[in-house]
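Trainee: Just need the structure, nothing else, for what follows:
(chains A and B)
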Amino acid sequence: ETGVTQTPRHLVMGMTNKKSLKCEQHLGHNAMYWYKQSAKKPLELMFVYNFKEQTENNSVPSRFSPECPNSSHLFLHLHTLQPEDSALYLCASSQEFLGTGISQYFGPGTRLTVT
Amino acid sequence: EDQVTQSPEALRLQEGESSSLNCSYTVSGLRGLFWYRQDPGKGPEFLFTLYSAGEEKEKERLKATLTKKESFLHITAPKPEDSATYLCAVQGIQGAQKLVFGQGTRLTINP
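Mentor: Below is the predicted model:
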């Protein structure tokens, strides 16, 4: 595997379910991110992790719970979601945190549908 | 607050018809301006980073330019495989690693 991988690619869940999204980066990066992409809206940053430590929570509801066990893996735990949470969830990584102009590399995303 | 506005929202061109996409931004102090390409059902793919006004970067049929208020992505003699959504993002001094994205321009190249 190369780059940033995400599983599952598609997920349908009911509002009472609990599920998790997984992200793995094979680039040796130290920072990882979760973004939400809804139709016709810009990408929204949700969480940032640097060396496994959460450095930013962009006012995300508590029904989204991130976990970063090491610099290569990132999870997003989901519970009691709402239909408006249906979106493409993207994971990204970058070499450094707080670096000027450091590029972020994205995974393919998980298409989440909440019914 | 850092802001990014992209125009047009959608653009249809014939193969070989050159054009430009616009990214207007306001930022406290620019650390970097990024262009990404996103194909349907996939994550954004990094294209360019620009750091200061006057800078230009090229990749195949794409050239990105930067002024103090906007960036242009010029597409020369496009091909159908250039069809995608192009995203612009800025990183400001106060935003640390936080990228602020525009809503994108959906480009379609007809054969």
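
Trainee: I'd guessed B:Ser7 sits against B:Thr105; true?
Mentor: Yes. Counting by C-beta atoms under 8 Å, B:Thr105 is a contact partner of B:Ser7 at 7.1 Å. (Each C-beta comes from the backbone N, C-alpha and C, glycine too.)

Trainee: who's more crowded, those two?
Mentor: Using other C-beta atoms under 10 Å in any protein chain shown, the more surrounded residue of B:Ser7 and B:Thr105 is B:Thr105, with 20 against 13.

Trainee: Please look at the more buried one and B:Val4 and confirm they touch.
Mentor: No. Checked against C-beta under 8 Å, the pair B:Thr105 and B:Val4 is beyond contact range at 11.7 Å.

Trainee: list residues touching both of those two?
Mentor: Residues touching both B:Thr105 and B:Val4 (C-beta atoms under 8 Å, 6 or more residues apart in numbering or on different chains): none.

Trainee: pLDDT below threshold where in chain A?
Mentor: Residue ranges of chain A with pLDDT under 70: A:1, A:98-101.

Trainee: show me what contacts residue 109?
Mentor: Reading this off chain A. A:6, A:9, A:37, A:88-91, B:41-43.

Trainee: To clarify, I was referring to chain B.
Mentor: By C-beta under 8 Å, 6+ apart, the residues touching B:Ile109 are B:13-15, B:78-83.

Trainee: tell me the average confidence for whichever strand or helix holds it?
Mentor: B:Ile109 belongs to strand B:105-110 when assigned by DSSP states H and E. In this model, strand B:105-110 carries a mean pLDDT of 97.

Trainee: Pairing partners for it, with directions?
Mentor: If you go by DSSP bridges, strand B:105-110 pairs up with strand B:10-14 (parallel), strand B:84-92 (antiparallel).

Trainee: Mind putting the ones you listed into a markdown table with mean pLDDT and mean neighbour count?
Mentor: Conversion of the strands paired with strand B:105-110 to a markdown table gives the following (pLDDT from 0 to 100; neighbours: other C-beta atoms under 10 Å in any protein chain shown):
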| stretch | mean pLDDT | mean neighbour count |
| --- | --- | --- |
| strand B:10-14 | 97 | 13 |
| strand B:84-92 | 94 | 24 |
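
Trainee: Show me the one of these that comes nearest A:Gln95.
Mentor: Relative to A:Gln95, the nearest member of those by C-beta to C-beta is strand B:84-92, separated by 13.9 Å.

Trainee: Can you pull out the low-pLDDT segments for chain B?
Mentor: Across chain B, the ranges flagged by pLDDT under 70 are B:95-97.

Trainee: for the closest residue to B:Leu99 other than its chain neighbours, what are its contacts?
Mentor: Distances taken as C-beta to C-beta, 6 or more residues apart in numbering or on different chains place B:Ala89 nearest to B:Leu99, at 4.2 Å, with adjacent residues excluded. B:Ala89 is in contact with A:43, B:4, B:33-34, B:36, B:99-102, counting by C-beta under 8 Å, 6+ apart.
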